[in-house]
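> Sequence first, then the predicted structure, then my questions.
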Amino acid sequence: SIGTPTAGGYTVPAPLMVEFIDNLRNAAVVLAAGGVIVPMTSKTLDIARLDTDPTPSWRSEAGTVSQSDAVFSQVQLDAQDLAVEVVTSRELAQDSTNLEAILMRSFIQTFAVELDRVALVGSGSAPEPEGVLNATGVTEIDLGGTTMTRYQSLVALRRDVQKANASPNAWIMNNTTESELAGLEATDNQPLQPPRYFSELELFASEGVPDDEGTGTDESPVFLGKWSDLLIGLREDTTIQLNPFLRAGNGQVSWFVHLRADIQLARPASFGRLIGCTGLA
């Protein structure tokens with residue numbers, strides 16, 4: 001699966017690179033929830049964003065149509081480099097029959113988790129893209145470091161997002177939060193049935209959602225959104241390279257993976273976040 005030498009290394013051929021991106025698409029929760037990949041043919045790409053919806057009004061026959069402007073802004077996808085070097089011994093690289101397959105699976109999983117993390121909680125401080133947690137214009141409910149015992153706060157979050165003229169399709173949360181929701185009990189110690197208003201939307205869990213937020217490092221956010229309004233710019237020259245020369249003096253070879261991407265919200269009002277939650281009990 002290794003192609004011709006390029007710049008002192010060996011680059012994975014295009015068909016395998018496409019397979020890597022396709023598998024990444026399947027592994028990343030934000031993409032499974034509906035996030036959209038925007039191909040980037042250069043480092044930057046300008047896109048329009050809707051900030052305020054127009055307001056229609058009724059008119060009498062032959063009456064004047066009232067003007068109500070939609071407010072647009074322009075945001076820029078600016079591809080940042082997510083990269084890793086993995087070092088193996090020359091003997092392992094030469095003798096193992098499945099090393100490449102193992103590494104490929106590992107790259108896909110770890111890059112998918114990081115793509116989820118940055119899309120959801122990215123700081124926005126270069127070179128890290130900005131995620132839903134730190135984006136302006138996103139509906140927010142802050143529990144102030146308390147524990148949820150019911151679905152009430154989640155129901156309220158969906159209500160508030162819908163009031164912003166959005167149609168959310170899925171929840172995204174940490175795996176621990178998902179399991180704690182499943183473990184909620186009613187007063188008779190029977191499982192607490194989630195209201196349809198919560199359960200009719202898809203639910204995705206990812207370790208890309210942290211569980212160590214807040215002053216006590218014990219808070220985990222919950223996200224709700226119309227995820228097709230999450231845009232993931234993906235630069236075409238993402239690469240996987242094997243360099244047998246860089247560490248040759250140590251009898252080692254280096255694998256380099258570079259994924260160039262950025263995150264933008266096409267409509268921030270399509271998203272909601274629940275913060276300050278220390279768990280469920």
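Happy to help now that I have it.
> Okay, now the unreliable bits of the stretch 1-150 of the chain?
Counting by pLDDT under 70, the stretch 1-150 of the chain contains low-confidence ranges at 1-19.
> Spit out the contact partners of the closest residue to Pro56 other than its chain neighbours.
Of all residues not flanking Pro56 in the chain, Ser68 sits nearest, at 6.9 Å (Cβ to Cβ, 6 or more residues apart in numbering). Bear in mind the C-beta positions are built from the backbone N, C-alpha and C, glycine included. With contact set as Cβ atoms under 8 Å, 6 or more residues apart in numbering, Ser68 has these partners: 54-57.
> could you redo the last one with a cut-off of 10 Å?
52-57 (Cβ atoms under 10 Å, 6 or more residues apart in numbering).
> out of those residues, which are buried?
Neighbour counting by 16 or more other Cβ atoms under 10 Å classes none of the contacts of Ser68 as buried.
> just curious, which of the residues you listed is nearest to Gly137?
Distance to Gly137, by Cβ to Cβ, is smallest for Thr52 among those, at 9.6 Å.
> Burial check on the nearest residue to the closest one once chain neighbours are set aside, number of neighbours?
Nearest residue to Thr52 in three dimensions, chain neighbours excluded: Val71, at 3.6 Å (Cβ to Cβ, 6+ apart). As a burial measure, Val71 scores 10 neighbours (other Cβ atoms under 10 Å).
> Around Leu259, count how many other residues there are.
Using other Cβ under 10 Å, Leu259 has 22 other residues around it.
> for the spatially closest residue to it that is not a sequence neighbour, helix, strand, or coil?
Once flanking residues are discounted, Leu259 sits nearest to Leu82: 4.5 Å by Cβ to Cβ, 6+ apart. Of the three states, Leu82 takes strand according to DSSP: H, G, I helix; E, B strand; the rest coil.
> Isn't Leu82 up against Val113?
No - at 11.2 Å, Leu82 does not count as touching Val113 under the criterion of Cβ atoms under 10 Å.
> and the residue nearest to Pro56, backbone torsions?
phi -150, psi 110 (degrees, to the nearest 10).
> Report the separation between it and Ser60.
The gap separating Ser68 from Ser60 is 17 Å, by Cβ to Cβ, to the nearest Å.
> Direction included, what does the strand or helix carrying Gln241 pair against?
Assigned by DSSP states H and E, Gln241 falls within strand 239-243. Strand 239-243 has these partner strands in its sheet, going by DSSP bridges: strand 9-11 (antiparallel), strand 252-265 (antiparallel).
> so for that strand, what's the average pLDDT?
Mean pLDDT, strand 239-243: 80.
> mind checking how far the biggest helix by length in the chain is from the chain centre?
When the chain is parsed with DSSP state H, its longest helix is helix 99-121. The chain centre lies 12 Å from the centre of helix 99-121; the measure is Cα atoms, centre = their mean, to the nearest Å.
> Name the next helix or strand following it along the chain.
That would be, after helix 99-121 and using DSSP H and E, strand 139-148.
> Strand 139-148 and the next helix or strand after that next one, what's the angle between them?
Downstream of strand 139-148, the first helix or strand assigned by DSSP H and E is helix 152-163. If you take axes from the mean of the first three to the mean of the last three Cα atoms, to 10 degrees, helix 152-163 sits at 170 degrees to strand 139-148.
> any idea how far helix 152-163 is from the chain center?
Relative to the chain's own centre, helix 152-163 is displaced by 21 Å; criterion: Cα atoms, centre = their mean.
> now do stretch 217-229
Centroid separation for stretch 217-229 versus its chain: 9 Å, with Cα atoms, centre = their mean.
> Would you confirm that Thr149 contacts Leu184?
Yes - contact criterion Cβ under 10 Å: Thr149 and Leu184 qualify, at 7.4 Å.
> what's the overlap in contacts for the two?
Listed as contacting both Thr149 and Leu184 by Cβ under 10 Å, 6+ apart are 192, 280-281.
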